[in-house]
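Undergrad: here's my sequence, what's the structure:
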Amino acid sequence: MKQAELTTFISIVESYFQSLADEPAQIGVPYLLDGREPALEYTGIIGVSGRRKGVAYVTAGRATLDRLVRILTGSESADALALDMVGELANVLAGNLGRAFESDFDITVPVVVKGAPDQIVIQKLKQPGFVVPISWCGADLYIVIGID
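TA: Residues are numbered from 1 along each chain as shown. Prediction:
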């Protein structure tokens, strides 16, 4: 992943969260994948294949997902809605990857996980992958991107 691709992707993510509420997302300093990738209560994982290969995922706590459910549906969240929401976030992430990377690749249907796994292993990559910490509406979430 090139610096320009990461910068474009971060800009798109900022715009997405700004469009949901009038509270901008605070993007932390991205850091390199180092084998200790974050995993919170709910995670939506997208696989990438074709001309580019790798994985991207978003991981968030229940409070973040509850807030998103309230904003988007006007209802209170439940476990099933939290799982749906992290899957939807993963879909949004995947769609924005296409815009940021300007390349032809295929994505998988999101795999959603409830409960923080002990570890999420990102395959060995030719190029470095990144963790993008985000704080939005008082809660933290992370986007992890490892794409060649």
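Undergrad: can you tell me the centre-most residue of the chain?
TA: The geometric centre of the chain, computed from its C-alpha atoms, lies nearest to residue 58 (C-alpha atoms, centre = their mean), at 2.8 Å.
Undergrad: check contacts around that one.
TA: Each residue near residue 58 by C-beta atoms under 8 Å, 6 or more residues apart in numbering is listed here: 43-44, 86, 89-90, 93, 141-144. In this view, the C-beta of every residue, glycine as well, is placed from N, C-alpha and C.
Undergrad: can you list which of those residues are found in helices?
TA: When those are checked against helices using DSSP state H, the ones located there are 86, 89-90, 93.
Undergrad: quick check: residue 127 touching residue 148?
TA: Yes: checked against C-beta atoms under 8 Å, the pair residue 127 and residue 148 is within contact range at 5.5 Å.
Undergrad: overlap in contacts of these two?
TA: Residues touching both residue 127 and residue 148 comprise residue 1, with contact defined as C-beta under 8 Å, 6+ apart.
Undergrad: partners of the lowest-mean-pLDDT helix or strand in the chain in the sheet?
TA: When the helices and strands of the chain are compared on mean pLDDT, DSSP states H and E, strand 105-107 comes out lowest with a mean of 80. Partner strands for strand 105-107, per DSSP bridges, with pairing direction: strand 42-50 (antiparallel).
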